[in-house]
Structures are given as C-alpha cells and as structure tokens.
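[1] Build me a model from this:
(2 chains)
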Amino acid sequence: MSVFDGLKFRRVYSPIHNLDPRIKFIYVCAIFVIAIMFGELLPLVVLFLIQIPFVLLAGVKREWIRSMRGAAFLATIIFLTNFVFAYLGARGIGQSLENAVAMTLRFIVLIESFSIFFLTTSPDHLGLALEQTHVPYEFTFAFTTAVRFVPVLAEEAQTIMDAQKARGLELERGNFLKRIRNYIPILIPLIVSAIRRSLELAEAMESRAWGATKKRTNLYVLKMHKGDFILAAMTIGILAVAIYIRLYLPIPSINQLLTGIN
Amino acid sequence: MIEVEDIYFTYPNGIEALKGISLTIKNGEFVAIMGQNGAGKTTLVKHFNGLLKPTKGKVLVDGVETTKVSVATLARKVGFVFQNPDHQLFSETVEDEITFALKNFGFKETVIKKRVSWALNLLGLTQYRKTSPFMLSGGERKRVALASVLAWDPKILILDEPTIGQDYQQKEKLRQFILQLKAQRKTIIIVTHDVEFVAECNPRVILMREGKIVADGEASKILTTPEVLNQAFIVPPQIAQIFFQLSDLGFPRDIIDIYEAREILLKAIRRKTM
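    Residues are numbered from 1 along each chain as shown, chains lettered A, B, ... in the order given. Prediction:
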C-alpha cells in the first residue's frame, strides 16, 4: 500500500501547498506530456531533477521518498521487461540498457509529478478547483467524498482482514492464483459495505436537503496569486523549450556522449 | 487458559491502547470485559487470538506464546466473532459461509457437512441454509457470523459486542446460549457496554479504562460499587440503582439479579403486611 501512502495528503503550509490547484494540475499535465514526448534518457533525467526543488520547497521529502519506494517494484518490472525485449530485439547491450533506464525513468517521472500534486493539494482545494472550472457540483462532490472516504475504507479493510484471519484465512498461503483468490473474502465484504455506506450517506444527505438550492456559493474562492503566475509562466516556458528541443535539436544518447568523449 | 503478562500495545499511529495489563482467564470461565469507548477492550481481546501482538509483555494461550504461532493456528482454539457481521460475510449462501472456516482448517468433507448442519440447527438458521447472507436481517446476519465461528467448536469463544442491534428476545436467547456453552466448559469472553445484559448473565467482570484494568471480580460486586463504575464511566444496572436508593431503609446494596431482588422485596412486603 506504500504507493498510496505517497498520495496521501497531510495538512502543512508551504509555498507549494498554497498554489492554485488548477495551475498545479496544468503543471503536472505538462510534465506528463513532456515525459511522453521524450524516449531519450537525457531529457528524462532533467525532467526528474527539476521536480526535486518542488519536493524540498513543499517539505514533503519523507512522503515523497516513500512513494518512490512504493513505485520501485513496478519500476523494476518495467526496467526488466524493457531491457529483455530490447536486447532480444538485437540492440546492443549498452543501448538496451539505456533504453530500459529511460522507460523506467519516464514512469518514475510520472509517479513523481502526480505524487507531488496529491501530496500538496488538499481534497477540499481540489474540489473547489473542479467546481470553479464549472464541473457540475454533483461530480465534484462525488469526487471529494470518494477521496475523503479512502482512509475510512482502508480501516474497514483492516477490520475485514482481521475478521477473516480469525476464521482461519491465510492470505499468504498457496500459489500465485490461490493467493489472489484469498482476497475474495476480503473484497466482497469491503465492496458490499462501501455500497451500503454510500446509500446510507445519500439518504442522510437528502434528509438534510442536499441539492435544495441550484446556485451554490463558496466561502473560499480560488484566486491567482503571484506564485501561481510564476508557476504558470514556468510551465509554459518548460513546455516551449521541450517542444523546441523535440522539433529542432538532436538529442544525444548517453552512449554517444561517452564514446564522443573517448 | 489465557495468561496475559504485563502487556503494552501501541498502534502504528502512536496511540498507546494498552498500558500494562496482566490477567489470567481459566478454562471454563465466563468473562465480560467492560469500559467506555476507546478503553482498549477490543485491542485487548485481539491479543487473545494473535491478531495483535503485544509491543511489550507476553500473552500465552494454553501455554503457547501468541507471537510464536500464526493467527490461523490460534484461531482453531480461539473463536472470535466480530462486532459487525458485515465485516465477514461474503459467500453466496449461509451454508457456504459456515463452510469457509471449516475448509480453512482442513476439516474432511463429511465432517464439514455434519458440522454445518449442527451449527445451523444450533442457531435456528436451518431454513436459511440456501439463502444469501446479504438477504437476512441484521440480527440473523449476526447469528450467521456466530454460527460460522461455533461450527469449528473452538475451546475459547470471544464475542465482541454481541448484544448490539439485537432485540430483547434475541438477547435473552443469546444469554441462554452462552449459559449452555458455559455448561459445556467453554471459555467465553464478551466485550460489551450492555450493563443490563451483564447483570443478567452474572459473569466475572473486568473493567477497563484508558488501557488499564481498574477492577476485576464478580459482576455483583463490581456493578454495585459506584466508585469503581464511575472510574470507567459506567452506569449501574437498574436493579442496582433501585437498591442503592433503598439502602437507607436497610436493604442490601449489592443486588443485580432479578430473582434475588424479588425475594428480598417480597420478604420486606410480607413483614410489613403481617
């Protein structure tokens, strides 16, 4: 579950936390697009490194490292499959290695940027951002509620696991397929109780006149500040530079650089 | 036998739920663990089948330390019925639900059949054999959960809040049922807030507050000692309250049993009328 730990919001105050979630989201999307644009190692390394100041500035180093550690398993799989298939595809070992590292790094960059976004944006803020970009309130509400219920469900999953273990269920027993099947007694009660809970919540909300007024106002209204403009400018800048490099500049591979030096 | 030797337990989030608990529960004993919310009752009983391992100290079940064996091994001996049956029901039929644990413990197919029928009969669920547990009422689901644990005939039975959501008649049935198990020399441990239920059952009471035991003894003693009950934020049962108020007139203060109360009151009335 440690990948998810890296996405869990904790209320602290930092320049990054105070940024407008809309701009932050655009920034994350820009990083996402750039990561997809480049398959070469060098720009991906740069992309990985430029996000580290954000992590430090936001003071979420520990959580971020945890999410990176959580991603390590998937990253390893991505690395191995890429390496094996590139190598089998009769590329040289050096080039296969570089290619595999690049693909892995691309994945890590994606996780990194989303992790920064979720670590520094409160669910309420996110809901507010969605609302002010004119997403219907029903959807916004469903979204923020879903996010808010994650810890509740996690706790419930733990109780269910305990209850089934008390009936002799051993999750770690059996081969791979059996182990997956071991989770059925946990998933079904979890899903059933989540559905029950959501129905109860809907009834409770309706009995408190949810949706009675069509036009809602908010106590807090998102406003762009200096920091937001700076981030917006940075995002445009990074994106422009990336597009320019992609279109007009050849990107040397690390192998070429190394042989060039020799 | 369960032996708890000075255990401490801290949850991963840093909350210290148990602070130095020691107690012994002998075979065939009937124990009620009481205390306000967050006193550590459920945390304590989760140590008895190894779901939680103490941060410090030892828990021994029949002389075996809980840290040395798996939950599944302990569960064979210690049955645990959770508070909310919805946390464990998942099968298509009530019958499958009861079979689940028996299969986990590796019982033979013929034995499983017998045990399932026995457990269904015991809790009056035979007519629901092929029904989906999700279609049953709250009280019935609770009985299915209980049946699914009783089916493997554990030596020690832990019931977490068994009376919640049960009507009076069901509670009375549960009480009879517990007494029946007690007669079979089973060890029964209940975690509950229900003082009236405890007063009627008259078990050994262990009172907890903030992760510590504040009192341990007979129900008729503990439930009639206001100083002790106040510490654990528990209100005495109604019969005890009546006798507190009558104590100025020379009535005894330690009465929690209806029949005993009736005898004393009858005697007093006869004395007056004669």
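[2] In chain A, what residue comes closest to chain B?
    residue A:168 (3.3 Å; Cβ to the nearest Cβ). In short, each C-beta sits where N, CA and C put it, glycine included.
[3] What are the structural domain limits within the chain?
    I went with chain A, as the question did not name one. Listed by automatic domain parsing, the domain ranges of chain A are A:2-121+A:224-261, A:128-206.
[4] Actually, chain B is the one I wanted.
    According to automatic domain parsing, the domains of chain B span B:1-77+B:154-231, B:85-153, B:237-274.
[5] Start and end of the second one, how far apart?
    Terminal residues of domain B:85-153 lie 19 Å apart, using Cα to Cα, to the nearest Å.
[6] Which element, helix or strand, includes residue 178?
    As the question left the chain open, I've gone with chain A. For residue A:178, the host element (DSSP states H and E) is helix A:176-181.
[7] nope, chain B please
    helix B:168-183.
[8] Can you pull out the residues in contact with that helix?
    B:28, B:30, B:123, B:139, B:157, B:159, B:162-163, B:166, B:188, B:190, B:194, B:197, B:200-201 (Cβ atoms under 8 Å, 6 or more residues apart in numbering or on different chains).
[9] rerun that using 6 Å as the cut-off
    Outside of helix B:168-183, the residues within contact range by Cβ atoms under 6 Å, 6 or more residues apart in numbering or on different chains are B:30, B:139, B:162, B:163, B:188, B:200, B:201.
[10] following it, which helix or strand shows up next?
    In N-to-C order, the element after helix B:168-183 by DSSP H and E is strand B:187-191.
[11] could you check the angle helix B:168-183 makes with that following strand?
    Using axes from the mean of the first three to the mean of the last three Cα atoms, to 10 degrees, the inter-axis angle of strand B:187-191 relative to helix B:168-183 is 150 degrees.
[12] Centre of the chain to the next helix-or-strand element following strand B:187-191, how far?
    Where DSSP H and E defines the elements, the next helix or strand beyond strand B:187-191 is helix B:195-201. Mean C-alpha position of helix B:195-201 versus that of the full chain (Cα atoms, centre = their mean, to the nearest Å) differs by 11 Å.
[13] Could you count how many residues lie near the nearest residue to residue B:257 once chain neighbours are set aside?
    Leaving out its chain neighbours, the residue that sits closest to residue B:257 by Cβ to Cβ, 6 or more residues apart in numbering or on different chains is residue B:202, at 6.6 Å. Neighbour count of residue B:202, defined by other Cβ atoms under 10 Å in any protein chain shown: 17.
[14] looking at it, residue B:202 is touching residue B:217, isn't it?
    No. Using Cβ atoms under 6 Å, residue B:202 is not in contact with residue B:217, being 11.8 Å away.
[15] In terms of helices and strands, where is the most centrally placed residue in chain A?
    By Cα atoms, centre = their mean, chain A has its centre lying nearest to residue A:114, at 3.4 Å. Secondary structure assigned from DSSP H and E places residue A:114 in helix A:93-120.
[16] Show me what the mean pLDDT comes to for the next helix or strand after that helix.
    Following helix A:93-120 in sequence order, the next helix or strand is helix A:123-132 (DSSP H and E). Average pLDDT, helix A:123-132: 83.
[17] sorry, back to before: which member of the contacts of helix B:168-183 is positioned nearest residue B:224?
    residue B:200 (14.3 Å; Cβ to Cβ).
[18] what's near enough to touch the closest one?
    residue B:175.
[19] do you know how far it is from residue B:233?
    Counting by Cβ to Cβ, to the nearest Å, the separation of residue B:200 from residue B:233 is 21 Å.
[20] same deal with residue B:110?
    On the measure of Cβ to Cβ, residue B:110 and residue B:233 end up 51 Å apart.
[21] now the helices for the chain?
    Using chain A. A:2-5, A:21-37, A:41-50, A:52-58, A:61-88, A:93-120, A:123-132, A:137-165, A:176-181, A:184-206, A:226-248, A:254-261 (DSSP state H).
[22] wrong chain, I was asking about chain B
    B:41-46, B:71-75, B:94-104, B:109-122, B:138-150, B:168-183, B:195-201, B:219-222, B:226-231, B:238-246, B:258-273.
[23] Let me know whether the third one sits next to chain A.
    Yes. Applying Cβ under 6 Å from any Cβ of the partner chain, one finds helix B:94-104 touching chain A at B:101, B:104.
[24] The stretch 1-150 of chain A against chain B: which residues are in contact?
    Counting by Cβ under 6 Å from any Cβ, no residue of the stretch 1-150 of chain A sits close to chain B.
[25] my read: residue A:189 touches residue B:91, true?
    No. Residue A:189 is beyond contact range of residue B:91, at 10.3 Å (criterion: Cβ under 6 Å).
[26] which one of the two has more residues nearby?
    Between residue A:189 and residue B:91, counted using other Cβ under 10 Å, residue A:189 has the larger neighbour count: 25 against 20.
[27] Show the contacting residues for the more buried one.
    Counted by Cβ under 6 Å, 6+ apart, residue A:189 has contacts A:160, B:87, B:90.
[28] could you redo these as JSON lines and give each row neighbour count?
    As requested, these are arranged in JSON lines below (neighbours: other Cβ atoms under 10 Å in any protein chain shown):
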{"residue": "A:160", "neighbour count": "23"}
{"residue": "B:87", "neighbour count": "23"}
{"residue": "B:90", "neighbour count": "22"}
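[29] Need the helices of chain B in CSV (columns: mean pLDDT).
    Formatted as CSV, these follow (pLDDT from 0 to 100):
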stretch, mean pLDDT
helix B:41-46, 94
helix B:71-75, 92
helix B:94-104, 94
helix B:109-122, 94
helix B:138-150, 91
helix B:168-183, 89
helix B:195-201, 92
helix B:219-222, 91
helix B:226-231, 88
helix B:238-246, 91
helix B:258-273, 89
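[30] Residue of chain B nearest chain A, please.
    Closest point on chain B to chain A, by Cβ to the nearest Cβ, is residue B:104, at 3.3 Å.
[31] now that residue: how far from residue A:185?
    10 Å.
[32] Same drill for those two, tell me which one is more crowded.
    residue A:185 (24 against 21).
[33] Return the residues in contact with residue B:20.
    residue B:6.
[34] Pull up the per-residue confidence for it.
    So, for residue B:20, pLDDT stands at 94.
[35] neighbours of residue 16, just the number please.
    Answering for chain A, as no chain was given. 23.
[36] that answer is for a different chain, and I need it for chain B
    Residue B:16, neighbours per other Cβ under 10 Å, totals 13.
[37] Check whether it really touches residue B:10, as I assumed.
    Yes. At 4.8 Å, residue B:16 counts as touching residue B:10 under the criterion of Cβ under 6 Å.
[38] who touches both of these two?
    With Cβ under 6 Å, 6+ apart, residue B:16 and residue B:10 have no common neighbours.
[39] hmm, back to that, how close does the residue of chain A closest to chain B get to residue B:56?
    Residue A:168 is 28 Å from residue B:56, by Cβ to Cβ.
[40] Of those two, which one has the most company?
    residue A:168 (21 against 13).
[41] residues in the stretch 151-262 of chain A within reach of chain B, list them.
    So the stretch 151-262 of chain A meets chain B at A:159-160, A:162-163, A:165-170, A:185, A:188-189, A:193 (Cβ under 6 Å from any Cβ).
[42] Can I get the buried ones among these as something I can paste into PyMOL?
    Buried subset of these, written as a PyMOL selection, criterion 16 or more other Cβ atoms under 10 Å in any protein chain shown:
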select buried, chain A and resi 159+160+162+163+165+166+167+168+169+170+185+188+189+193
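[43] All set now, cheers.
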